[in-house]
Each structure stands twice: as C-alpha cells, then as structure tokens.
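> sequence first, then the predicted structure:
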Amino acid sequence: MSKKIKKVNAAILIIGNEILSGRTQDRNVAFISNWLNSKCGISVLEVRIIPDVEKIIVENIKSLSNKFNYVFTTGGIGPTHDDITAKSIAKAFRVKYEIHQEAYQILEKYYGKKSFNDGRKKMAKLPKHSKLIYNPSSAAPGFVVKNVFSLPGVPSILNSMIENCKKYLKTGLKIHSMTINLFTVESNISNELNKIQKKYLKKVEIGSYPFFRLGKVGVSLVFRSVKKDFLYRVDKEIKRMIEQKKIKIFKI
C-alpha cells in the first residue's frame, strides 16, 4: 500500500496541436483532475497546453517536474511522425530513447508479427528505465519516468488506463467536498464568504462559481478539506448566512 503523506500536488501537461487549433476539444483535464483529487488526495495546481514541438515539450517537462510532485502528460505517444512526447521526455531527463523490451513484446503480441510495422514499433520506444502504464483498451502502454506520467490523448483509452497509475503514486489525504447551490449573485455574499474563508484559512478551501439555470443567475459554493469536521463547520456557517439573507437554495 502506498504511504500516505499530507500534501501532494501535480500538474497536467496537454500536448497536441489539435487542442490548440480547436479541432479537438480536451476532455482529459477534468477527468485526470477529478481522479487525482478524489481517488488519490493529489491536488492539481497547474495545467498547460502546448504544441507538438520538441523544444517546448522539453522546457515544460523540466520546469514542471522540478516544481510539482507529479506531472501528467497527455498526447503524443502514438505511431505517427508528430508523436514526439516520449523522445522529448527522454531528452528532458538526458536519458536514452530506446526500445522497451516489455512494451515491444506487448505490442508485437497484440498486432501480430506480420502487422507489427515500423509505426507500431515506434510506440515501444521509451525513455530508458521507464515503467509501463498498462493499457487494457488498445495495448500500447503509457509510461512513467521519474515523476512524469505519460498517457495517450484519446479520452476513452486514457480513462481505461488511469487506475494503473496508482501503484506508482504516493497518495495524499483524501480531499472531501460539499456543494451548496444558491439563487443569488456573488456580490451579495462576497463579504460574508471572505470572512468565513479567513476564519478557516489553510483548513478549508471555499470556491464560488456562478451559473445560469431556469432563467435565473445563481452561485455554486464548493468547499473542500481533508477534514470532514471542518467542512461541517463551514456548512453550518454558510447556511446561517443564507438564512439571514433569505437566499433560496437551489437543489439539483
């Protein structure tokens, strides 16, 4: 079982010209962030989207791997010419970019020797000493090198692989959350929220997110903490404030 430590953080690096051009809409950030927060107690503190350019990938891997406990990349580990994530990560960490024997065997078995062409063999080339993230959907594995986890960009495949990352992670304390949806505007409750947040600073994180439903403007209040008792205290104080201001709660 992974040792649990208090504060663990991560960054997500989305790699792909197709995201930046608008051709493809990213769905991976929300999924990875939710999984890390709810299942691993790991807070995502930064997200970047960059093109398939080796120099830019190398610079971002160096920067993020030094700044955060973990970095999760998506995209650029397929068989085509612009899939350069593995090669770029090898360059960032100054290790060899070479055939990973286990990955090669997995892919050869999946495709069969006759269909195991050069493009597919490329997916077995990884930074030296990489550990594999097994892929139950399409065989081609992701990989872990140092504190960087590289996953495919296709959401359905990434989703099927994510649990296989867990054995390589030191998880933090589980982050609990509560949500209250209100029919009001942020400016009507901003002063009170500020006072409550200051009171529970470093114990509870309070977020305020406007929404528009049923023809009305509203605010979702989301509070998060590793300790449930602090969440219950904040919940009571916010509901007391809501009652005093006669604000209607919107139940989804």
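All right, it came through fine.
> can we go C-alpha only for contacts and neighbour counts from here?
OK.
> just the terminal-to-terminal distance for stretch 83-98.
End-to-end distance for stretch 83-98, by CA to CA, to the nearest Å: 15 Å.
> show residues contacting it.
Taking contacts as CA atoms under 8 Å, 6 or more residues apart in numbering, the residues outside stretch 83-98 that touch it are 15, 52-55, 57-59, 61-62, 75-77, 125-128, 150.
> tell me how far that stretch is from the chain's mean position?
21 Å (CA atoms, centre = their mean, to the nearest Å).
> and stretch 240-252, by the same measure?
That offset, for stretch 240-252, works out to 33 Å (CA atoms, centre = their mean).
> buried set for that stretch?
In terms of neighbour count (16 or more other CA atoms under 10 Å), stretch 240-252 has its buried residues at I242, I249.
> how about stretch 42-58?
Neighbour count says stretch 42-58 has I42, S43, V44, V47, I49, P51, D52, V53, E54, I57, V58 buried, by 16+ other CA under 10 Å.
> ditto for stretch 65-73
Under the neighbour-count criterion of 16+ other CA under 10 Å, stretch 65-73 has S65, F68, N69, Y70, V71, F72, T73 buried.
> how about the strands in the stretch 51-200 of the chain?
Using DSSP state E, counting those that start in this stretch, the strands of the stretch 51-200 of the chain run over residues 70-74, 97-99, 125-127, 131-133, 142-145, 148-151, 176-183.
> what about the longest one, average pLDDT?
In this case it means strand 176-183. Model confidence over strand 176-183, given as mean pLDDT, is 92.
> who touches stretch 189-205?
Residues contacting stretch 189-205 (CA under 8 Å, 6+ apart): I206, F223, R224, S225, V226, K227, F230, L231, V234, E237, I238, M241.
> doesn't the second one belong to a strand?
Put plainly, it is F223. Yes - under DSSP: H, G, I helix; E, B strand; the rest coil, F223 sits within a strand.
> thought it was touching T179?
Yes - taking CA atoms under 8 Å as the definition, F223 is a contact partner of T179 at 6.6 Å.
> can you give me the helices in the stretch 51-200 of the chain?
54-67, 85-92, 101-111, 118-122, 155-161, 186-199 (DSSP state H, counting those that start in this stretch).
> distance to L20 and mean pLDDT added to the ones you listed, as JSON lines?
Below are those laid out as JSON lines (distance: least, CA to CA, whole Å; pLDDT from 0 to 100):
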{"stretch": "helix 54-67", "distance to L20": "14", "mean pLDDT": "98"}
{"stretch": "helix 85-92", "distance to L20": "16", "mean pLDDT": "98"}
{"stretch": "helix 101-111", "distance to L20": "30", "mean pLDDT": "97"}
{"stretch": "helix 118-122", "distance to L20": "25", "mean pLDDT": "96"}
{"stretch": "helix 155-161", "distance to L20": "17", "mean pLDDT": "97"}
{"stretch": "helix 186-199", "distance to L20": "32", "mean pLDDT": "94"}
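> tell me which of the ones you listed sits nearest to A139.
Closest approach to A139 among those (CA to CA): helix 101-111, 6.3 Å.
> kindly export the closest one (C-alpha atoms) in PDB.
In PDB, the C-alpha atoms belonging to helix 101-111 read as follows (Å, rounded to 0.1, in the frame of the first residue of the first chain):
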ATOM      1  CA  GLN A 101      11.500  -4.800 -24.400                       C
ATOM      2  CA  GLU A 102       8.300  -5.400 -22.400                       C
ATOM      3  CA  ALA A 103       6.400  -2.800 -24.400                       C
ATOM      4  CA  TYR A 104       7.700  -4.300 -27.600                       C
ATOM      5  CA  GLN A 105       6.500  -7.800 -26.600                       C
ATOM      6  CA  ILE A 106       3.100  -6.500 -25.600                       C
ATOM      7  CA  LEU A 107       2.600  -4.700 -28.900                       C
ATOM      8  CA  GLU A 108       4.000  -7.500 -31.100                       C
ATOM      9  CA  LYS A 109       1.600  -9.900 -29.400                       C
ATOM     10  CA  TYR A 110      -1.300  -7.500 -29.900                       C
ATOM     11  CA  TYR A 111      -0.800  -6.700 -33.500                       C
END
